[in-house]
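[1] Next one to model:
(one chain, ligands or ions: 1)
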Amino acid sequence: MAGILQGRKIALGVTGSIAAYKACELVRLFSKAGAETAVVMTEAATKFVTPLVFRTLSRRPVALDAFAEPENWVPGHVSLADWCDAFVVAPCTAHTAAKLAHGYAGDLLSSVALACRRPKLLAPAMNAGMWENPATQDNFALLRRRGVVVMTPPEGELACGVSGPGRMPEPAAVLAAVEGLFAR
Ligand SMILES: Cc1cc2nc3c(=O)[nH]c(=O)nc-3n(C[C@H](O)[C@H](O)[C@H](O)COP(=O)(O)O)c2cc1C
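    Below you'll find the predicted structure:
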């Protein structure tokens with residue numbers, strides 16, 4: 001039986017978190033569920049996982065540069081924003097959440113987010129101090145008020161060596177939350 005993601009088009013934003021490796025598994029899960037994934041990475045994300053990994057897993061070119069020559073005349077951020085059925089950022093850094101909350105569009109990922117009218121879901125990942133900082137909490141609260149689904153990062157051991165909230169939700173949990181976007 002075809003699942004709810006069968007034939008869906010997902011734009012997956014990957015940002016500069018140590019949890020970027022989890023996005024690789026997420027692409028595989030989307031693909032197994034019958035969805036097509038177009039990955040857009042921030043420059044910081046490319047320090048953690050190479051675009052080559054995502055290009056191979058998603059079987060599509062990875063979008064990196066807002067000023068790259070587009071396939072046709074439509075700017076890359078507009079075509080990706082219109083192409084997708086949902087926009088997911090996993091992992092979502094504190095920096096990217098701040099950009100999205102305040103409408104900054106200085107890179108390709110944030111431009112796609114601003115141009116996109118489809119349902120959006122963020123899977124935050126960061127150090128517990130960054131997560132608990134009122135600036136971060138306010139940014140995510142603002143995004144939630146605007147209808148963006150913000151997953152709650154589970155507590156646990158963090159890459160920085162301490163324990164606390166801020167771990168990126170596991171790829172299977174992100175998949176289930178994205179299915180929930182389409183079930184609404
Ligand atoms: C090793 C390392 C791990 C990092 N992990 C995170 C993280 O999990 N979450 C986060 O918000 N920032 C993290 N950062 C900081 C971001 O990479 C930095 O704020 C960057 O500017 C984010 O840019 P972006 O949101 O455009 O990808 C990390 C930095 C380093 C060097």
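
[2] Which stretches in this structure count as strands?
    Listed in chain order, the strands of the chain (DSSP state E) span 9-14, 36-41, 86-92, 120-124, 149-150, 155-157, 163-165.

[3] Nearest to the ligand, out of these?
    Closest approach to the ligand among the strands of the chain (CB to the nearest ligand atom): strand 86-92, 6.2 Å. Using the backbone N, CA and C atoms, a C-beta is placed for each residue, glycine as well.

[4] Tell me what angle the closest one forms with strand 120-124.
    10 degrees (axes from the mean of the first three to the mean of the last three CA atoms, to 10 degrees).

[5] Show me which residues of strand 86-92 are buried.
    Across strand 86-92, burial judged by 16 or more other CB atoms under 10 Å covers 86-92.

[6] Over to stretch 58-78?
    Of all the residues in stretch 58-78, those buried under the rule 16+ other CB under 10 Å are 58, 62-64, 66, 75-77.

[7] next one: stretch 155-173
    For stretch 155-173, by 16+ other CB under 10 Å, it's 158, 164-169, 171.

[8] Return the closest of these with respect to residue 180.
    Taking CB to CB as the measure, residue 169 is the one of the buried residues of stretch 155-173 closest to residue 180, at 12.5 Å.
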